[in-house]
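Engineer: For reference, the sequence and a predicted model appear below.
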Amino acid sequence: MDANPDANARDHFEVNMSTATRKRRVIPGFGLTMGFSLLYLGFIFLIPVGGLLLYTSMMSWEDFWRAVSHPQVVASYKLSFSASLIGASINLVFGALVAWVLVRYSFPGKKVVDALVDLPFALPTAVAGIALVTLYASTGWVGQYLTIFGIKVAYTQLGVVVALTYIGLPFVVRTVQPVLEDLEAEREEASASLGASRFTTVRRVILPSLLPALLTGYALAFARAVGEYGSVVFISGNMPYRTEITPLLIVAKAEQYDYPGAAAIGTVMLIAAFLLLLLINGLQWWTQRRGL
Amino acid sequence: MTTQTLVHVANPELAARWRRATEEPAWVRWTLIGVALTFLALFLVLPLAVVLYGAFEQGLQVWWAAINEPDALAAIRLSLMVVLIVVPINLVFGVAAAWAIAKFEFRGKPILISLIDMPFAISPVVVGLIFVILFGSQGWLGPWLAAHDLRIIFAVPGIVIVIAFGTLPFIARELIPLMQQQGKEEEEASLTLGASGWKTFWYVTLPNIKWGLIYGVILCNARALGEFGAVAVVSGRIRGETNTMPLHIEVLYNEYMFTAAFAVSSLLTGLALVTIAVKSFIEWLDERQRPAGDSH
C-alpha cells in the first residue's frame, strides 16, 4: 500500500480497514464448530481425565504413596525411564544420520526409504511386538547370530530397549528433516571460505542450527517410549522386578480389579506425560524462533 | 547456491573446490549412507519381512484358512465396525476444530491446540484405565450402569470410546496447519459473492484441504485398527465378541499359533504400507504443484 500521507489515501485506508473488520465477521460457523470441538474434547477427553485425577485425589496419601513406591513399581519406573532414555538416544544419533542422508545425498531407492521411516507410526504396536520378538528370539533371524556372541535380546531388558528404539524411530528423523532442508547453503560456504574444515563446519555451523529440532525429536521419542505398551510386552517377557515396564503394571492391576493401585500409577504417568508435553512445546517454540 | 553458480560460470576448477568445501568426500558419503541404511534395514525392513514371511511361509491356503476362521472374522468385523464409528466422528471433530482455529481469532487458541495434541501424549494403557475407572463395575458409574443393565467396559462401547480418545488428534493435526496456511481470503470472497456458509465450505474449503483430509482419515483409520494398549484394558478379550484384530493377534501368539498370528498381522501390515504410500503420494503431488524454483 502506498504510504503517501495524503487525505485521499488515508480515506482509502480507512475504508479498507472497515471492510476488513466487517469481512472478519463474514465467515460463519464459529459457534457451531467451536461448540462441537469443545463439547467433544470435554466429553471424550477432559472429563474422563479429570475423573482419573479426582479418583486418585480421593485416596489417602498413605495409600497413594504405598501404591506408587512399592519396590516392584519402582523397579518398573527405573526400567521404563532408562530404556526409553537409551532408545531415544539411539534414535537421536541414527535419526540425525538418517535425516542427513535423506536430505543431503542421493542414492537409488531414496524415496522408498524416506516413506518407510513412517512405518513404526503406522504399523500396529502388537504387530511390531510379535515381529520383533520373532526376529530377536534365540532362534530368530537376528537372534541366532547374537546368541553366538552371547547376547540375549528377547526376554531381557535389552529387548525392551530394542522395542522402544523401534517405536521412537520416526520422531527425530521427521523433526530434523525439514530444518535441514531449510538450512541456507551460504552459511556453510562462508564457514568453508573462512578456512574451516568440513568437520568443523558440520560441528560448529550445522549442528547448532539443528539443536532445537534434535532435542524436540529426542523428547518426542522419549515421551512416546515411556507410555508404550504393545510393542514391548511380547519381547520383554514381563518378569517382575526385571523386565516389567510401568504400563504393564497398570494393565496387570486393572485386570486384578486393583483400581486404586492402577489409578495411582496411572496418575504418576499422566503427570509425567503433561510435563514432557510442556517441555516439548517449549522446545518447538524454540525451534520456530530459531527458524526465523 | 548463488556463490556456487557465480564461481561455476567464472572458473570450473574453482567451482569444484567450492563444492568440495561444502560436501563430504565420496567415501564418507557412502559410509554414512551405508550405516543409515543398515540401521533402517535392521529396524524397519526386517520386522516387515518377518511378518510377511511368517504369514505366507506355509502357502496361501494356510494364510487364507487363518483369516477365514470364525474368531478371526469376528475380530475383523468388530474392528471394521469400530472404525466406521470412530473415524467419521473424529473427522467431523477434526474439520470443526480446524475451522474454528484457522478462520477465527480468539483467546486461548494455543491452549486449545495443545489440548488437541494431548491424547497422543498419554499412554494407551492410561487411556484404557481412565474409562475402566469411569465405567467399570467398581468405577464411578459402574453401579448405575449395572442397575440399568448397560455394559460399557468389557463390551463394544468401551472399545469405541477408548479408540476415539486415542485417535482424536490425527485428522485435526493434519487439517489445522493446512487451513491456517491457506488463510481465509478465498472463503471471504465466496461469502461476499453471496454463497452460503455450507456452500462455501463444500466448494471452496473442501477442495483446498482434500489431500490433507484424505491422509488424516487414512492415518486415523490405520491407528484405530491398530490400537492395542487401551483396548487391552477395556475389552476383556471375550473371543468372538470383544476381540479386535490386534487383540486376536495377541491371543493367537500366546497360544503359539504363530502362522495364524502373522496372517492376521499381514492384513494390518498391508494397511500400514498403504498408509505410508498415500502419504508419499500426497507429498509428491504437493511438490509437483509447487511452482518451479520456489523452495517453500
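Structural biologist: Ah, there it is. Numbering: from 1, shown residues only, chains lettered A, B, ... in the order given.
Engineer: When you work out contacts or count neighbours from here on, use the C-alpha atoms and nothing else.
Structural biologist: Will do.
Engineer: which sections of chain A are below the confidence cut-off?
Structural biologist: Across chain A, the ranges flagged by pLDDT under 70 are A:1-25, A:290-292.
Engineer: Now do the buried residues in whichever helix or strand B:Ala72 is part of.
Structural biologist: Per DSSP states H and E, B:Ala72 falls inside helix B:70-103. Neighbour-count burial for helix B:70-103 flags B:71-80, B:82-83, B:86-87, B:90-103 (criterion: 16 or more other C-alpha atoms under 10 Å in any protein chain shown).
Engineer: With stretch B:235-253 instead?
Structural biologist: Buried residues in stretch B:235-253 (16+ other C-alpha under 10 Å): B:235-237, B:239-253.
Engineer: Kindly report the same for stretch A:243-256.
Structural biologist: A:243-251, A:253-255.
Engineer: cool, stretch A:270-277 as well?
Structural biologist: Across stretch A:270-277, burial judged by 16+ other C-alpha under 10 Å covers A:270, A:272-273, A:276-277.
Engineer: Ok, stretch B:181-192 next?
Structural biologist: B:184, B:187-191.
Engineer: can I get these in JSON lines with secondary structure and pLDDT?
Structural biologist: Output for the buried residues of stretch B:181-192, formatted as JSON lines (DSSP: H, G, I helix; E, B strand; the rest coil; pLDDT from 0 to 100):
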{"residue": "B:Lys184", "secondary structure": "coil", "pLDDT": "89"}
{"residue": "B:Glu187", "secondary structure": "helix", "pLDDT": "92"}
{"residue": "B:Glu188", "secondary structure": "helix", "pLDDT": "92"}
{"residue": "B:Ala189", "secondary structure": "helix", "pLDDT": "92"}
{"residue": "B:Ser190", "secondary structure": "helix", "pLDDT": "92"}
{"residue": "B:Leu191", "secondary structure": "helix", "pLDDT": "92"}
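Engineer: filter the buried residues of stretch A:270-277 down to the ones close to chain B.
Structural biologist: Near chain B, judged by C-alpha under 8 Å from any C-alpha of the partner chain, the entries from the buried residues of stretch A:270-277 are A:270, A:273, A:277.
Engineer: So which bits of the helix or strand harbouring the first one are buried?
Structural biologist: With elements delineated by DSSP H and E, A:Leu270 resides in helix A:259-291, which encompasses its position. Residues of helix A:259-291 classed as buried by neighbour count (16+ other C-alpha under 10 Å): A:259-267, A:269-270, A:272-273, A:276-277, A:279-280, A:283-284, A:287.
Engineer: that older thread, considering only the buried residues of stretch B:235-253, which also neighbour chain A?
Structural biologist: B:246-247, B:249-250, B:253.
Engineer: ok, B:Leu247 to B:Ile111 distance?
Structural biologist: Distance, B:Leu247 to B:Ile111, using C-alpha to C-alpha, to the nearest Å: 35 Å.
Engineer: B:Val278 too?
Structural biologist: 31 Å.
Engineer: Equivalent analysis for B:Gly226, please.
Structural biologist: 29 Å.
Engineer: Who has more neighbours out of the two?
Structural biologist: Ranked by neighbour count (other C-alpha atoms under 10 Å in any protein chain shown), B:Gly226 and B:Ile111 place B:Gly226 first, with 28 against 10.
Engineer: where's that one relative to B:Gly236, distance?
Structural biologist: 17 Å.
Engineer: Now do the contacts for B:Ser79.
Structural biologist: The neighbours of B:Ser79, taking C-alpha atoms under 8 Å, 6 or more residues apart in numbering or on different chains as the test, are B:225, B:244-245.
Engineer: Just the ones of those in helices?
Structural biologist: Counted as lying in helices by DSSP state H, out of those, are B:225, B:245.
Engineer: need the helices for the stretch 51-200 of chain A, in chain order.
Structural biologist: A:61-68, A:71-104, A:110-116, A:119-122, A:125-136, A:143-148, A:157-182, A:185-193, A:198-201 (DSSP state H, counting those that start in this stretch).
Engineer: ok, the residue most central in space within chain A to B:Pro110 distance?
Structural biologist: In chain A, the residue lying closest to the centroid (C-alpha atoms, centre = their mean) is A:Leu220, at 2.1 Å. Distance, A:Leu220 to B:Pro110, using C-alpha to C-alpha: 19 Å.
Engineer: again with B:Leu193
Structural biologist: For B:Leu193 relative to B:Pro110 (C-alpha to C-alpha), the value is 32 Å.
Engineer: Excluding covalently adjacent residues, which one is nearest to residue 97?
Structural biologist: Because you didn't say which chain, this covers chain A. B:Ala36 (6.3 Å; C-alpha to C-alpha, 6 or more residues apart in numbering or on different chains).
Engineer: nope, chain B please
Structural biologist: Here the residue nearest B:Ala97, using C-alpha to C-alpha, 6+ apart, is A:Ser37, at 5.4 Å.
Engineer: possible to save the contacts of B:Ser79 as CSV with pLDDT?
Structural biologist: Below are the contacts of B:Ser79 laid out as CSV (pLDDT from 0 to 100):
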residue, pLDDT
B:Leu225, 96
B:Thr244, 96
B:Met245, 97
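Engineer: Export the contacts of B:Ser79 as TSV, with columns for distance to A:Trp61.
Structural biologist: Converted to TSV, the contacts of B:Ser79 look like this (distance: C-alpha to C-alpha, whole Å):
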residue	distance to A:Trp61
B:Leu225	39
B:Thr244	38
B:Met245	40
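Engineer: and the stretch 51-200 of chain A, which residues reach chain B?
Structural biologist: A:51-52, A:55, A:94, A:97-98, A:101, A:105, A:115-120, A:122-128, A:130-132, A:134-135, A:166, A:185-186, A:188-189, A:192-193, A:197-198.
Engineer: Buried ones among those?
Structural biologist: Among these, those that count as buried by neighbour count (16+ other C-alpha under 10 Å) are A:51-52, A:55, A:94, A:97-98, A:101, A:115-120, A:122-128, A:130-132, A:134-135, A:166, A:188-189, A:192, A:198.
Engineer: these two touch, right, A:Ala131 and B:Leu44?
Structural biologist: No - applying C-alpha atoms under 8 Å as the test, A:Ala131 and B:Leu44 come out as separate, 10.5 Å apart.
Engineer: For these two, list the residues in contact with both.
Structural biologist: Common neighbours of A:Ala131 and B:Leu44 (C-alpha under 8 Å, 6+ apart) do not exist.
Engineer: Measure how buried B:Trp64 is and give me the count.
Structural biologist: B:Trp64 - counted by other C-alpha under 10 Å - has 15 other residues nearby.
Engineer: can you tell me which helix or strand it belongs to?
Structural biologist: helix B:59-67.
Engineer: between that helix and helix B:70-103, how big is the angle?
Structural biologist: On the basis of axes from the mean of the first three to the mean of the last three C-alpha atoms, to 10 degrees, helix B:59-67 is oriented at 80 degrees to helix B:70-103.
Engineer: How far away from the center of its chain is stretch A:244-264?
Structural biologist: 24 Å (C-alpha atoms, centre = their mean, to the nearest Å).
Engineer: For it, measure first residue to last.
Structural biologist: Stretch A:244-264 stretches 17 Å from its first residue to its last (C-alpha to C-alpha).
Engineer: wait, does that stretch contact chain B?
Structural biologist: Yes - Stretch A:244-264 is in contact with chain B by C-alpha under 8 Å from any C-alpha, via A:247, A:250-251, A:254-255, A:257, A:259, A:262-263.
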